[in-house]
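Colleague: One predicted model, sequence on top.
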Amino acid sequence: MRTAVFCAVILGMVAGVNNTPASAAGDADKGRLAYSKQGCWQCHGYQGQGSILTSGGKSLAPDPLPWDGFVAFVRTSTTGMPPYTEKVLSNDALEDIYAFLASIPRARELKSIPLLDGP
């Protein structure tokens, strides 16, 4: 029972990091600029596609993590990516970056490209 309560408290704390909203309502155009300015592209690629050239540049788009998980990870990362505190990256800028990542469409299926469809 104590373990379940402890886990619930921790999950509540992580979900409420910096009093962020339950979902993002940012501006994708501003997000594209913030993504570039913060250097996210260096590991995650210009379209959030990830990179095979860096160790850890995970794919962020299309379909980024759910908002709460995205915020928790960005703010408290203990992996190869440094945590981005609110002093470094405002909540508004983070919402904009999320909106940019969410706006990136899926790549077309290879079969839909005539040149690649084969004979």
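Modeller: Thanks, I have the structure now.
Colleague: hey, let's count contacts and neighbours off CA atoms from now on
Modeller: Will do.
Colleague: what residue ranges in the chain score low on pLDDT?
Modeller: 1-24, 54-56, 118-119 (pLDDT under 70).
Colleague: and with 50 instead?
Modeller: Along the chain, the model assigns pLDDT under 50 to residues 1-21.
Colleague: element containing Gly80?
Modeller: Using DSSP states H and E, Gly80 maps to neither a helix nor a strand.
Colleague: State the number of residues packed around it.
Modeller: By other C-alpha atoms under 10 Å, the residues close to Gly80 number 9.
Colleague: how much space between it and Ile104?
Modeller: 24 Å (C-alpha to C-alpha, to the nearest Å).
Colleague: what do you get for Glu95?
Modeller: Between Glu95 and Ile104 the distance is 15 Å, computed by C-alpha to C-alpha.
Colleague: who's more crowded, those two?
Modeller: The neighbour comparison of Glu95 against Ile104 (other C-alpha under 10 Å) goes to Glu95, with 24 against 17.
Colleague: for the more buried one, helix, strand, or coil?
Modeller: helix (DSSP: H, G, I helix; E, B strand; the rest coil).
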